[in-house]
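Novice: Next come a sequence and a model predicted from it.
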Amino acid sequence: MPLRVELVDCRNSNMNGLRGLVIGQTEGTIRLLTETGRVLIIPVKSCRYYVWLNNCIILVTPRGLRRLVRRVNAQ
């Protein structure tokens, strides 16, 4: 089950507000399927993230996002 995220507080201000599903991950990047259908490669350390889990929205750091992606993929 892919995580739904929104990018916030990014070093590149053009990425602020991007939303989508995390469909892949490497050590330093995530692949994000946006709401418009584009697949973007995002450097993990460049932003913080709002993550939708069940009925909650949480703000996570890059390290927290990597943990969540691993947990969700392991299930």
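Specialist: It's in. Residues are numbered from 1 along each chain as shown.
Novice: Would you map the helices across the protein?
Specialist: 62-74 (DSSP state H).
Novice: quick one: contacts for P2?
Specialist: 21-23, 33, 72 (Cβ atoms under 8 Å, 6 or more residues apart in numbering). Where you see a C-beta, it was placed from the backbone N, CA and C, and this is true even at glycine.
Novice: excluding its backbone neighbours, what's nearest it?
Specialist: L21 (4.0 Å; Cβ to Cβ, 6 or more residues apart in numbering).
Novice: Likewise for L40?
Specialist: L32 (4.8 Å).
Novice: my read: that neighbour touches I42, true?
Specialist: Yes - applying Cβ atoms under 8 Å, one finds L32 in contact with I42, separated by 5.3 Å.
Novice: intersection of neighbour lists for these two?
Specialist: With Cβ under 8 Å, 6+ apart, L32 and I42 have common neighbours L18.
Novice: Tell me the bridge partners for Q25.
Specialist: I30 (DSSP bridges).
Novice: No further questions, thank you.
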